[in-house]
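Asker: for reference, the sequence and a predicted model appear below.
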Amino acid sequence: MTQFSNPSPTRRLLVIVLVAATGGILFGSEPILAWTEQLSPTMPYQTELQSVADRWNTLAARLKMTVPYNTIRALERQIESYRFAPAPDQ
């Protein structure tokens, strides 16, 4: 029988952050492209970063990898609209 030990809270947090970052890179190509478009033109490698982000966004959209991210963002916006909507009697 193999004994499993529980990972430390720090290790679990690190895994969660890494999974979230990987998911954001894979499925959030549109925000990454928007970020690269806002970079200063004088920044080193700005045009290369923007080119890579543009190609990744095109490929991700073609493979429909942007759907999960867009769905989650739409749900988040819908929840925010419920939360911050004016009271019914106003």
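Answerer: Alright, I've got the coordinates.
Asker: quick one: the helices in this structure?
Answerer: Along the chain, the segments classed as helices by DSSP state H run 9-27, 29-37, 46-62, 67-83.
Asker: just these: most buried one?
Answerer: helix 29-37 (a mean of 16; mean count of other C-beta atoms under 10 Å). The way it works is simple: take the backbone N, C-alpha and C, and place the C-beta from them, glycine included.
Asker: which strands and helices sit next to it?
Answerer: Judged by 3 or more C-beta pairs under 8 Å, 6 or more residues apart in numbering; DSSP states H and E, the packing partners of helix 29-37 are helix 46-62, helix 67-83.
Asker: by mean pLDDT, show me the worst of those.
Answerer: The minimum mean pLDDT among those belongs to helix 67-83 (a mean of 87).
Asker: middle-most residue in the protein, spatially?
Answerer: Residue closest to the average C-alpha location in the chain (C-alpha atoms, centre = their mean): G24, at 3.0 Å.
Asker: report pLDDT for S40.
Answerer: Model confidence at S40, given as pLDDT, is 90.
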